[in-house]
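Peer 1: just need the structure, nothing else, for what follows:
(chains A, B and C, ligands or ions: 2)
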Amino acid sequence: MMFRKKMLVSLFAALAVLTVANITQAAQPAGFDDNEIRIGQWGPQTGPAAPWGSVARGSKLLFDIVNEEGGIHGRKIKYFIRDDMYNPAQTVAVVKELVERQGIFAFVGGVGSAPGMAVKDYLAANKIIWVSPSAADKEFTQPLNPYLFAVYPLYKDEASILAKYIVEKLKTKKIGILYQNDAYGKDGLEGAKERLATYKMSLVAEIPVEPTEKDFASQILRLKNSGAEAVLMYVSPTAAVITLKTAASVGFKPQWVSANTLSDYPLMFKITGGLWEGVITGAFGETPDSKSPLMVKYRDAAKRLTPQERWGTFYYAGILFADPIVEALKKVGRNLSTEALLKALNSIKDYQTIGPRITWTPKQHQGTDSVMIQKCGPGASYIMLQDWTTNDLATWKK
Amino acid sequence: MPFGQLLVEGLAIGACYGLFATAVVIIYKTSEVVNFAQGEMAMFSSFVAFHILAVYQYPFWLAFVIAMLFSILLGVLIEFLFLRPAKHPSLLGMIVITLGAEMFLMGLASWKWGAEQKFFSLPLDPSVTYEPVKGMIVTNWAIAVFAVASTIMLLLYVFFKYTRLGVAMRATQQNKHAAKIMGIRTERVFSIAWGFSSLIGAVAGMFFASRATLDPAFMMEPFLRAFAAAVLGGLMSIPGVIIGGGLMGLIENFFGYYWPSWKPIVAFIVIILVLCLRPSGLFAKHYVKKV
Amino acid sequence: MDYFKVEDLCISFGGLKAVNNVAFNVEKNSIFSIIGPNGSGKTTIFNMISGIYKPDLGRIVFAGENLVGLTPDRIARRGVARTFQNIELFSNATVMDNLLLGRHIHMKTGVFTGAFLWGRGSRAAREEIRNREIVEGIIDFLDLQSVRNHFVASLPYGKRKLVEVGRALAVEPKILLLDEPSAGMNTEEKQDLNIWIKDIQAECDVTILLIEHDMNMIMGISDRIFAINHGEKIMEGLPQEVQSHPEVIKAYLGEER
Ligand SMILES: Nc1ncnc2c1ncn2[C@@H]1O[C@H](COP(=O)(O)OP(=O)(O)OP(=O)(O)O)[C@@H](O)[C@H]1O
Ligand SMILES: [Mg+2]
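Peer 2: Ligands and ions are numbered 1, 2, ... in the order given. As a prediction, this is how the structure comes out:
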């Protein structure tokens, strides 16, 4: 008797939830009309992660260029940026506001793992397309999420490529790693280990650090004592600064190699007081001074349209994350619909702008496994070390 | 194990924790407030030094002196604006007030200087190091930390023992009512305590900033550690918190050398153990409070 | 001509009129005692005089100046010292340090005290020597020699009460408020205290306001007595007059003793 009653109550509750969910879905404004396509992005414009917020503004530059050139099949792109302060709760709020009040057809970019994870399912449930989170979590594309397409190379692939470079090009046998004790750092650790295993080598030191830690003395001494000649860094910018300052003070001078998260050399050079010079990093985009025609075009447009913005890696990352959706929208033509855009995105093959070459299929939405390898030269200049390189060990492709 | 090096590093960072914990304790002793804005007060003063260096390009010593004067003013102001108007707040009320001050300062700093990390360094040549014993490198930074921390300790000792104001401060700590009745201007004592505390915190803050980066959130973690060191030392005695800070630095570094993933919490585990065995800290004389 | 007086003093705590319309006049150099049953408002009067409570109404006039509205430290600097019913000492300091703190308002020489910084012949050093002389005098007078370097927290209750009297004396007050100084003392200590209070009156240029429950002591040393109940005056007069007043006997003597 009791049991029955309870079941009834929960049934009702479930029904109520479903109805409410249906109502919100029904009430949702359309994401496009005859004159415009509404695209949104969240990203920290204030707060501690604000330096990464330039991604969202970079995408704006691309849409401005597209609109200047007359839009896509008669439709202009209306672009919305919302500040989530890198706070997942805030991300949920701003995304809901955009979807339920403004009517959004698709999202691009979106800085951060945690903010992205917080809205991933909501977007999929509302059948809103999301192209290229500005974070490299395999959970975005594995298992397959039909509405989510990723450009950002996975940290694991990058670490594998970097480890290969260290062993084969730098001829270094003793490799250590300093990694942030979370998904980001652990992916890096896994990639490096996997690569070294193919040479029957192992890391001489695996040192975790917590994201908030400020004193790395013992960790650096462990690395130093391990005899590491090259050290991989999968840490935050602040942690990298502490690492380099501490290492310099105890006379530890290995070859530092880091993830693309630290590939904004002018910033890293400035906040390390110049210690960043000589650091090798992965990169998800061409160097800022690249002479490739598309890079020249974007750079000139930036000078003209947004002279106040620094032409930094994370700024033009916003462009390369948004390029594929523009390409797909062009392919779709005038008869726009979510299904049509999905179809176009799913058939993007070997598409490359200023970032890695990407391919999406209906079964695989992780677009690439390639990074470049670059090095910080004097005065925070970029030195190309190795062009786009794929990870032959990438497991997700199989 | 690089014993000597770990010892130097542990003691140096420990001295920083101890110095900052001293700032916490000076306020706690006089007004029984755990000042959660302590870290952000130091952060703000460090930013002022940074601003003077970066924008006005003054020499370091001048920027330092101005930032120090500013920090005193800031401490006095926060006491005056945030704490004094609350006449008889509860413990919780005090915590809320200082948390409010913390958020206010953090917001103000983010607005003024942005959230991006800044480079901050002390005029200490990082390339010059000393190696008194083989395998034990002492940097100028560490020497400066030891020198500054011991100078401040000595000055505080003289201040509390031999100056009229210092004695009045100690009296106020022990019994506010009695101090008032003796003609001690207790409100002024609070102002001065906040000014001093802010000053010492700012000095420690600059040491921390020069080791990492300067950004609006950079003092949050050091504050926690310094607070823990203060609890370890008993929250009441300045020599106690200095020893607490040193212990903290040593435990973290020696332990963290073998078990890096435990480094961030080992000190807190020790503190919980200490508090279970000696609830008033390692070095507190036991106070029996009158009611 | 009025040396110290209170007028129309009123204070209430959440509806309870703790002190209501109290007025009295204290002559210079006299001992003026306040008696009344528990909770009748005696301590509250002292708290208003020393500035810890601000009266809702009324004036407290000392040497022509109204003290109402001044902070406790300002009132102290005008020469009003007191002891507390429940003892408010600096309990983690020695007897000597407590008495020296009583000298706070007499320390004029700025930042550093004593000979530490300025040398032996300096003004600061002379001042410190004088302060120490006065404190030594008080220690001798109250017979505190044996405990002079003891921490206050370690002393028995009666001794602590004495230290508090000593600290108030160190202020060299013009008005001395003593709130039940003999409470918790044994008979012998009480007798000593009785004599000392008399001596203080005779030797120092001080006016004493005294709250006491010990009627023998009150009757022996008071110049005038003020009796209070439920915050209101019952009567004021010479000891004999008060002793024989029927309402006092009913309200106070009848129940207590
Ligand atoms: N801060 C306060 N808040 C509320 N009520 C108070 C306060 N101070 C005193 N009272 C009340 O005022 C009344 C008078 O108290 P007071 O301490 O003056 O009595 P007393 O005559 O000194 O008594 P005793 O002989 O017990 O010392 C009491 O009812 C007391 O509860
Ligand atoms: Mg009383």
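Peer 1: so what pLDDT did the closest residue to residue A:249 other than its chain neighbours get?
Peer 2: Spatial nearest neighbour of residue A:249, chain neighbours left out: residue B:139 (4.4 Å); criterion: Cβ to Cβ, 6 or more residues apart in numbering or on different chains. Every residue, glycine included, has its C-beta placed from N, CA and C. You'll see residue B:139 listed with a pLDDT of 89.
Peer 1: now for residue B:139: which residues touch it?
Peer 2: A:249-250, B:124, B:126, B:129-130 (Cβ atoms under 8 Å, 6 or more residues apart in numbering or on different chains).
Peer 1: mind giving me the ChimeraX command for buried ones among those residues?
Peer 2: To isolate the buried ones among the contacts of residue B:139 in ChimeraX, judged by 16 or more other Cβ atoms under 10 Å in any protein chain shown, type:
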select /A:249,250 /B:124,126,129
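Peer 1: farthest pair within the contacts of residue B:139?
Peer 2: Distance extremes for these: the farthest pair is A:250 and B:124 at 14.9 Å, using Cβ to Cβ.
Peer 1: around chain C, which positions in the stretch 51-200 of chain A sit nearby?
Peer 2: Contact residues, the stretch 51-200 of chain A versus chain C (Cβ under 8 Å from any Cβ of the partner chain): none.
Peer 1: residue A:186 and ligand 2, how far apart?
Peer 2: Distance, residue A:186 to ligand 2, using Cβ to the ion, to the nearest Å: 68 Å.
Peer 1: find the nearest non-adjacent residue to that residue, please.
Peer 2: residue A:179 (6.7 Å).
Peer 1: okay, and that neighbour sits in which element?
Peer 2: strand A:175-180 (DSSP states H and E).
Peer 1: relative to that strand, what are the paired strands and their orientations?
Peer 2: Under the criterion DSSP bridges, strand A:175-180 sits next to strand A:205-209 (parallel), strand A:230-234 (parallel) in its sheet.
Peer 1: ok, residues contacting that strand?
Peer 2: Counting by Cβ under 8 Å, 6+ apart, A:163, A:166-167, A:185-186, A:188-189, A:192, A:196, A:201, A:203-211, A:219, A:223, A:226, A:228-236, A:239, A:243, A:254 sit against strand A:175-180.
Peer 1: please list only the buried members of these.
Peer 2: A:163, A:166-167, A:185-186, A:188-189, A:192, A:196, A:203-210, A:219, A:223, A:226, A:228-236, A:239, A:243, A:254.
Peer 1: helix, strand, or coil at residue A:328?
Peer 2: Under the three-state scheme (DSSP: H, G, I helix; E, B strand; the rest coil), residue A:328 adopts helix.
Peer 1: so who does it touch?
Peer 2: A:341, A:344-345, A:348.
Peer 1: those residues, buried ones only, as a PyMOL selection?
Peer 2: Typed into PyMOL, the line below selects the buried ones among those, using 16+ other Cβ under 10 Å:
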select buried, chain A and resi 341+344+345+348
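Peer 1: show me the contacts for the residue of chain B found nearest ligand 2.
Peer 2: Per Cβ to the ion, the residue of chain B with the smallest distance to ligand 2 is residue B:177, at 14.6 Å. Residues in contact with residue B:177 (Cβ under 8 Å, 6+ apart) are C:52, C:72, C:84, C:88.
Peer 1: that one and chain A, how far apart?
Peer 2: 41 Å (Cβ to the nearest Cβ, to the nearest Å).
Peer 1: neighbours around residue A:168, how many?
Peer 2: Look at residue A:168: counted by other Cβ atoms under 10 Å in any protein chain shown, it has 10 neighbours.
Peer 1: ok, the one 10 residues further on next?
Peer 2: Using other Cβ under 10 Å, the number of residues around residue A:178 comes to 30.
Peer 1: list the contacts of stretch A:317-327.
Peer 2: By Cβ under 8 Å, 6+ apart, the list of residues contacting stretch A:317-327 reads A:39, A:54-63, A:66, A:72, A:106, A:108-109, A:129, A:131-132, A:134, A:149, A:151-152, A:284-285, A:298, A:341, A:345, A:348, A:351, A:353-355, A:358, A:360, A:367.
Peer 1: okay, now residue B:107: neighbour count?
Peer 2: The number of residues packed near residue B:107 is 14, by other Cβ under 10 Å.
Peer 1: is the host helix or strand of it up against chain A anywhere?
Peer 2: Residue B:107 belongs to helix B:91-113 when assigned by DSSP H and E. Yes: using Cβ under 8 Å from any Cβ, we find that helix B:91-113 touches chain A at residue B:110.
Peer 1: check which residues of that helix are buried.
Peer 2: Buried-residue list, helix B:91-113, by 16+ other Cβ under 10 Å: B:94, B:97-98, B:101-102, B:104-106, B:109-110, B:113.
Peer 1: going C-terminal from that helix, what's the next secondary structure element?
Peer 2: strand B:129-133.
Peer 1: sheet partners, orientation included, of the next helix or strand after that next one?
Peer 2: From strand B:129-133 onward toward the C-terminus, using DSSP H and E, the following helix or strand is strand B:136-139. Looking at strand B:136-139 with DSSP bridges, its partner strands are strand B:129-133 (antiparallel).
Peer 1: looking at chain B, which residue lies furthest from center?
Peer 2: residue B:134 (32.4 Å; Cα atoms, centre = their mean).
Peer 1: please report the distance of that residue from residue B:4.
Peer 2: 8 Å (Cβ to Cβ, to the nearest Å).
Peer 1: helices of the stretch 51-200 of chain C, residue ranges please.
Peer 2: Counting by DSSP state H, counting those that start in this stretch, the stretch 51-200 of chain C has helices at residues C:72-77, C:95-101, C:115-118, C:123-141, C:157-170, C:187-203.
Peer 1: mean neighbour count added to these, as TSV?
Peer 2: Below are the helices of the stretch 51-200 of chain C laid out as TSV (neighbours: other Cβ atoms under 10 Å in any protein chain shown):
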stretch	mean neighbour count
helix C:72-77	22
helix C:95-101	24
helix C:115-118	16
helix C:123-141	16
helix C:157-170	23
helix C:187-203	15
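Peer 1: got the ones you listed as TSV, with mean pLDDT columns?
Peer 2: Listed next are these as TSV, based on pLDDT from 0 to 100:
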stretch	mean pLDDT
helix C:72-77	93
helix C:95-101	92
helix C:115-118	56
helix C:123-141	86
helix C:157-170	92
helix C:187-203	90
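Peer 1: please convert those to CSV, extending it with distance to ligand 1.
Peer 2: Listed next are the helices of the stretch 51-200 of chain C as CSV, based on distance: least, Cβ to the nearest ligand atom, whole Å:
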stretch, distance to ligand 1
helix C:72-77, 15
helix C:95-101, 23
helix C:115-118, 41
helix C:123-141, 26
helix C:157-170, 14
helix C:187-203, 17
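Peer 1: just give me the neighbour total for residue A:393.
Peer 2: By other Cβ under 10 Å, neighbour count at residue A:393 equals 18.
Peer 1: what sits against the residue nearest to it when sequence neighbours are not counted?
Peer 2: Leaving aside its sequence neighbours, residue A:393 sits nearest to residue A:160 (Cβ to Cβ, 6+ apart; 5.3 Å). Residue A:160 sits next to A:191-192, A:194-195, A:391, A:393-394 when contact means Cβ under 8 Å, 6+ apart.
Peer 1: ok, of the residues you listed, which come out buried?
Peer 2: A:191-192, A:194-195, A:391, A:393-394.
Peer 1: of those, list those near ligand 2.
Peer 2: Among the buried ones among the contacts of residue A:160, proximity to ligand 2 is found for none (Cβ under 5 Å from the ion).
Peer 1: in a markdown table, list these along with pLDDT.
Peer 2: Shown next, in a markdown table, are the buried ones among the contacts of residue A:160 (pLDDT from 0 to 100):
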| residue | pLDDT |
| --- | --- |
| A:191 | 95 |
| A:192 | 96 |
| A:194 | 95 |
| A:195 | 96 |
| A:391 | 93 |
| A:393 | 90 |
| A:394 | 87 |
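Peer 1: now for those residues: which two are most distant?
Peer 2: The span of these, defined through Cβ to Cβ, is set by A:192 and A:394 at 14.0 Å.
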